[in-house]
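Chemist: coordinates only, sequence not included:
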């Protein structure tokens with residue numbers, strides 16, 4: 001239905017996500033936003049704004065792809081499965097930073113095009129599997145940054161986008177929208 005400009009839609013999505021997170025926390029007396037400092041508000045608002053802008057960009061790209069598909073019937077694979085796969089890879093990478101690329105490495109074949117061919121090599125598969133196991137073991141160590149800390153968040157976003165991009169290239173579909181969806 002309604003498609004807002006990025007300057008309006010992105011902040012609205014970010015505000016909705018912020019309200020969905022902060023209102024229940026306030027109602028449960030976990031936090032009191034009335035007592036937050038300016039720095040506290042900024043630390044809460046800036047990531048939610050980034051989330052809203054990224055989500056809006058991914059939705060806009062999906063809408064453009066759907067409109068293009070309606071206007072042009074061509075034999076290329078459908079984009080919707082690529083976006084759903086990208087969302088799943090992004091969610092998996094959000095939980096464990098190595099999960100998306102490890103899953104892709106385990107699913108790729110040596111005959112796949114692009115980076116997927118490299119991921120299908122036995123040594124690369126073994127390396128990804130070992131890294132995933134190591135992350136599981138080290139994740140709770142106090143020296144490891146939290147998922148919401150910049151040191152933990154930035155690599156997850158980049159790895160999610162890379163996994164979705166490589167999956168889209170393997171499937172011979174456009175890789176920009178899937179990378180945005182996975183990053184969001």
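Modeler: Happy to help now that I have it. Not measured: the values here are computed from a predicted model.

Chemist: how far away is the residue of the chain positioned farthest from its centre from residue 41?
Modeler: Checked against the mean C-alpha position of the chain, the extreme residue using CA atoms, centre = their mean is residue 35, at a distance of 32.0 Å. The span separating residue 35 from residue 41 equals 11 Å under the rule CB to CB, to the nearest Å. In this view, the C-beta of every residue, glycine as well, is placed from N, C-alpha and C.

Chemist: likewise for residue 146?
Modeler: 20 Å.

Chemist: these two: which has the busier surroundings?
Modeler: Counting neighbours by other CB atoms under 10 Å for residue 146 and for residue 41 shows that residue 41 has the greater number, 12 against 9.

Chemist: how about the contacts made by the more buried one?
Modeler: With contacts defined as CB atoms under 8 Å, 6 or more residues apart in numbering, the neighbours of residue 41 are residue 33.

Chemist: so how far is residue 103 from it?
Modeler: Counting by CB to CB, the gap between residue 41 and residue 103 amounts to 37 Å.

Chemist: what are the ranges of the helices in the protein?
Modeler: Taking DSSP state H as the criterion, the chain carries its helices at 6-27, 38-71, 79-95, 99-107, 115-119, 122-138, 150-170, 176-183.

Chemist: pick out the shakiest of the ones you listed, pLDDT-wise.
Modeler: Ranked by mean pLDDT, the helices of the chain bottom out at helix 38-71, which scores a mean of 76.

Chemist: is it true that residue 99 touches residue 93?
Modeler: Yes: distance between residue 99 and residue 93: 5.6 Å, which falls inside the contact criterion (CB atoms under 8 Å).

Chemist: of these two, which one has the most company?
Modeler: The residue with more neighbours, out of residue 99 and residue 93, is residue 93; 27 against 22, by other CB under 10 Å.

Chemist: can you tell me the closest non-neighbouring residue to residue 100?
Modeler: Leaving aside its chain neighbours, residue 100 sits nearest to residue 163 (3.4 Å; criterion: CB to CB, 6 or more residues apart in numbering).

Chemist: who are the contact partners of the one you found?
Modeler: 89, 90, 93, 100, 101, 103, 104, 182.

Chemist: which of those has the most neighbours?
Modeler: With neighbours taken as other CB under 10 Å, the top of those is residue 182, carrying 31 neighbours.

Chemist: alright, I will stop here.
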